[in-house]
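Q: Need a 3D model of the sequence below.
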Amino acid sequence: MKKATGNRYLIAGTLLVVLSTFSNKVFSQDENDALRYSFLMPGGTARSMGFGSALGSVGGDFTTLSVNPAGIGIYRRSEIMFTPSLKLNNVEGNYLMESDDDHYTRFNFNNAGVIFSRAERGKRYEKSNWKAVSFGFGFNRLADFNRSYSYGGLMQGPLNSNTHSSFSEVFVADANADPANATTAGTLANLGYESFLINPDSTFSGFSTLANWETGLNQLRAVQERGGVHEILFSLGGNYKEKIMIGATLGLPSLRYTNERFFEEADASGDPDNDFESFRYRESLSTTGRGVNLKLGVIVKPSDAFRFGVAIHTPTWWYRMSEVYNSSLTTNTENFKSVINPSDINPITVVDAPENRFEYSLTTPWRGILSGTVMMGQYGFITADYEYVDYKSMRYNFDNEFTLAESARNRVIKNTFQGASNFRIGIEGRMDNIFLRGGFGYYDNPYKSGDYDFSRMNISAGLGYRTGNFFTDLAFVHTFYKEFETPYTLPAPVVTPSARLNNRLNNLALTIGWKM
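A: Numbering: from 1, shown residues only. Alright, predicted model coming up:
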């Protein structure tokens, strides 16, 4: 499919290029980015993971400092612990009737911390209303972004090719929306134009692409995500008359997120002289952030058999984020360039967009947790948590020059998300020094529209051993959920294909600790 070439270089001299700070900024901060950094599932110790992280009224575990800090009031002895873990993740991608599996394994640490506890004893215990006071500090892992996935394929042949659209039409749409974009560095149109993938017609009435979807295009998307959210915390709490435990945690969350992805498209026709062989569009995003929040909690023990807990988590304020975004486009346009310029016979063209850096603030949603535990004496307990998260309260804050973009994104967040109800339930059984555990967690869909389902489920199991001053716990958590991803969108009425991702994420954790 030949395209007009006569005005290829004339356009650069005739278009009025308007450069502005806003037009050169790449805003990757959308509603989905806000959700990624706000969707938390408590990790921490292997003991808590074993019974589904339903810690709101159990207490006596370091992870409780990130769930209900009143749980620190259960402590009677100081302790130190750490939890290495192994991630074993698998994502199956289905796209254009093709299926592809990606596996990823990574070692990291779920938590490490120390509790200093002072408990009254003897006559002082009888006289004192405050039976114990404890202080703890360390970190817990609250979110894990590590996974890799891909879908589609470049060796599919015409039967599994896309015969309805091309990713390259994204570059065309940007150029046709404003022809000046074709010569404005950093725009999608400029990447397509400088790489010879899109070109103006002879009358300047619009741009078109060399990629001919009518004869079929093989498409491949590959994504590699890394990072997570760790929370450094400082907690203080106490036990009042063995009936009421109170506690507070100052949290200092720190996040790191990287996303390396590319979309590749190749001609499925087998024609070596139609001006298009393939292109690869690569993007990379690196985000870091730090913030502060406060957690307050109470646990009430009306009797030895029952415990009830309430906790409130403030939003993370001043979550100061820093992003670096890069993109590039590599094309193989066969003989197209040599027709325009006979001295340039290399069919490969590589164009790098200018690096974009941007800083902004994000406010995450507030959370409330209600919980209850039934104690079975020395044989264990059954416990459950209900957590409400107000996702529609997430907010971006940009610098003054981007107030319009800030308002637009915050309106989208408010209209897209809703409050979500999460449930966690767990059980722990004891046989002498051996503990057996099991748990289940359901994390509700934060999207208002039923077209998007971000809900997730956890199934967990674990065991523990305690003797003297030493304890160790082992846990396995299986998280599974499905999601749909559309690699690109085009103006109506074009409908672009979507991929279905089946996520099966596994976490094997081991906690080792000592009582002091």
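
Q: sec struct for Ser286, please.
A: strand (DSSP: H, G, I helix; E, B strand; the rest coil).

Q: Let me know the pLDDT of it.
A: If you check Ser286, the pLDDT there is 96.

Q: Ok, Lys127 next?
A: At Lys127, pLDDT is 85.

Q: What of Pro342?
A: 86.

Q: Show me where the stretch 151-300 of the chain has its helices.
A: Taking DSSP state H, counting those that start in this stretch as the criterion, the stretch 151-300 of the chain contains helices spanning 169-177, 188-194.

Q: so which of these comes closest to Phe423?
A: Nearest to Phe423 among these is helix 169-177 (40.1 Å), distances taken as CB to CB. In short, each C-beta sits where N, CA and C put it, glycine included.

Q: which residues of the stretch 51-200 of the chain score low on pLDDT?
A: The model of the stretch 51-200 of the chain has pLDDT under 70 over residues 155-159.

Q: Please name the residues that touch Asn346.
A: Lys337 (CB atoms under 8 Å, 6 or more residues apart in numbering).

Q: Three-state assignment for it, please.
A: Counting by three-state DSSP, the backbone at Asn346 sits in coil.

Q: And it, what's its pLDDT?
A: Reported pLDDT at Asn346 in the predicted model: 93.

Q: With Leu10 instead?
A: Confidence score, pLDDT, at Leu10: 41.

Q: one step back: out of the helices of the stretch 151-300 of the chain, which comes closest to Leu463?
A: helix 169-177 (51.3 Å).

Q: quick one: the nearest residue to Thr486 once chain neighbours are set aside from Lys482, how far?
A: Using CB to CB, 6 or more residues apart in numbering and skipping residues adjacent in sequence, the residue nearest Thr486 is Ser498, 4.7 Å away. Using CB to CB, to the nearest Å, one obtains 12 Å as the distance from Ser498 to Lys482.

Q: now do Glu334
A: 39 Å.

Q: So between these two, which is more surrounded?
A: Per other CB atoms under 10 Å, whichever of Glu334 and Lys482 has more neighbours is Glu334, with 19 against 13.

Q: returning to that earlier point: tell me the contacts of the residue nearest to Thr486?
A: 95, 484-486.

Q: Then Ser322?
A: By CB under 8 Å, 6+ apart, the contact set of Ser322 is 287-289, 357-359.

Q: isn't there a helix covering it?
A: No: counting by three-state DSSP, one finds Ser322 to be strand, located in no helix.

Q: Spit out the contact partners of the residue nearest to His164 when sequence neighbours are not counted.
A: Nearest residue to His164, sequence neighbours excluded (CB to CB, 6+ apart): Trp213, at 6.3 Å. Going by CB under 8 Å, 6+ apart, Trp213 touches 162-166.

Q: one step back: give me the phi and psi for the residue nearest to Thr486.
A: phi -120, psi 160 (degrees, to the nearest 10).

Q: which residues sit in contact with Leu188?
A: 170-171, 174, 181.

Q: picking up where we left off before, just want to check the distance between the residue nearest to His164 and Phe167.
A: 10 Å.

Q: same question, Asn356
A: Using CB to CB, Asn356 is found at 21 Å from Phe167.

Q: More neighbours: these two, which one.
A: Neighbours were tallied for Asn356 and for Phe167 using other CB under 10 Å; the higher tally belongs to Phe167 (22 against 17).

Q: in what helix or strand does the closest residue to the more buried one other than its chain neighbours lie?
A: Leaving aside its sequence neighbours, Phe167 sits nearest to Tyr488 (CB to CB, 6+ apart; 4.9 Å). Secondary structure from DSSP states H and E places Tyr488 outside every helix and strand.

Q: Tell me how many other residues surround Tyr488.
A: Tyr488: 17 neighbours (other CB under 10 Å).

Q: Spit out the contact partners of it.
A: Tyr488 touches 167, 169-170, 263, 496, counting by CB under 8 Å, 6+ apart.

Q: now the residues you listed as a markdown table including distance to Ala112?
A: Putting the contacts of Tyr488 into a markdown table (distance: CB to CB, whole Å) gives the following:
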| residue | distance to Ala112 |
| --- | --- |
| Phe167 | 44 |
| Glu169 | 50 |
| Val170 | 45 |
| Phe263 | 39 |
| Thr496 | 45 |
